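>>> Kindly generate the corresponding structure for this input.
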Amino acid sequence: MNPETSNEEPQKPKRSKKRIVLGIVLFVIAFLVLSAGISIFIYNQDTDSEGYVYSNVHHVNTTTYAFTLYMNEFKISTWGFLGPENVAQIKFIVKNTSPTKELFTGYATTKDSEPYRQSFQCEIPTYWRWIAEPYYAEIILNTTIIDGDGPPTSLPQTQTFWLTSAHSNNTAQMTYLPQHEQHIWFIMNLDGSKNITADIQIAFKSPILTVLPFVLIPLGLVLAVGGVYPLRRKK
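Numbers count the residues shown, from 1 in each chain. Below you'll find the model as predicted:
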């Protein structure tokens, strides 16, 4: 007699539940990483070729010998371990609107430059604030007062306390990150004369954000491919 034959089909290999969970988790992480990388890449399109975003323009028109602004410290906490120069860079822009004169702009700590500022007549905002953060910068400056009397006894470019400075008949730019203490931003005529007309701006960039899309997008693709493997692999 012939042996009985079974009509049952062989069972297909099953995928392990652990592999399914792992694949799903990898896909979720890949989606989040890709979304972050693509979002940063899109936001980066609104910056200039160097990665800077620019504030509104404030027009300075003073009859005094200087326009000065007290600058509070810029605090870096969350990403400080990457190094300040990788997290934040701030550019101070002074565009001369009176081409007959050469403008000087300088940055110094309040401690070192306050005696010089008090030695002549200058214009100071009574209330102002500046915002500098990724993809956004703003100058909010309303009212000012005139402080001090007389002209400076020495030209601005002869001072030794400047942390950074620049001068130009057209546009003067400085890059500086004011940390740890209060600073003063000076705008003067190079010859020390009165009457200053200029347009000022602040620009901000975070160098790490220009790099992140090229890290996050490939990483997200790798994670997505990694998520496929445990789903395809059978027990």
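>>> For the rest of this, base every contact and every neighbour count on C-alpha atoms.
Will do.
>>> Can you point out the buried residues in the helix or strand of the chain with the lowest mean pLDDT?
Across the helices and strands of the chain, mean confidence by mean pLDDT, DSSP states H and E is lowest for helix 84-87: a mean of 79. Within helix 84-87, the residues scored as buried using 16 or more other CA atoms under 10 Å are 84, 87.
>>> Same check on stretch 29-47?
29-31, 33-38, 40-41, 44, 47.
>>> tell me how far the least confident helix or strand of the chain is from the chain's mean position?
Distance of helix 84-87 from its chain centroid, counting by CA atoms, centre = their mean, to the nearest Å, is 9 Å.
>>> quick one: average confidence on the helix or strand following that helix?
Moving toward the C-terminus from helix 84-87, the next helix or strand (DSSP states H and E) is strand 89-96. For strand 89-96, the mean per-residue pLDDT is 93.
>>> Remind me what strand 89-96 packs against, helices and strands.
Strand 89-96 is packed against strand 171-175, strand 196-205, with contacts defined by 3 or more CA pairs under 8 Å, 6 or more residues apart in numbering; DSSP states H and E.
>>> residue boundaries of the strands in the chain?
For the chain, the strands defined by DSSP state E occupy 53-54, 58-62, 66-71, 89-96, 103-109, 122-125, 128-133, 136-141, 144-147, 164-168, 171-175, 183-189, 196-205.
>>> Those strands: which one's closest to Pro213?
strand 196-205 (15.0 Å; CA to CA).
>>> mind listing what the residue nearest to Ala30 when sequence neighbours are not counted touches?
Distances taken as CA to CA, 6 or more residues apart in numbering place Gly220 nearest to Ala30, at 4.4 Å, with adjacent residues excluded. For Gly220, the contact set (CA atoms under 8 Å, 6 or more residues apart in numbering) comprises 29-34.
>>> Kindly report the same for Ile29.
The contact partners of Ile29, by CA under 8 Å, 6+ apart, come to 220, 223.
>>> Against Ser39, how distant is it?
Using CA to CA, to the nearest Å, Ile29 is found at 15 Å from Ser39.
>>> what does Gly51 give?
As judged by CA to CA, Gly51 and Ser39 stand 15 Å apart.
>>> again, but for Leu190
44 Å.
>>> can you check Leu69 too?
Counting by CA to CA, the separation of Leu69 from Ser39 is 35 Å.
>>> So what's the residue count around Lys111?
Applying other CA atoms under 10 Å, we find 12 residues neighbouring Lys111.
>>> Contact partners for it?
With contact taken as CA under 8 Å, 6+ apart, Lys111 is in contact with His183.
>>> And the pLDDT at it?
Lys111 is assigned 94 on the pLDDT scale.
>>> show me what contacts the nearest residue to Leu141 once chain neighbours are set aside?
Ranked by CA to CA, 6+ apart and with sequence neighbours excluded, the top spatial neighbour of Leu141 is Trp128, at 4.5 Å. Contact partners of Trp128, counting by CA under 8 Å, 6+ apart, are 139-143.
>>> Tell me the pLDDT of Trp128.
So, for Trp128, pLDDT stands at 89.
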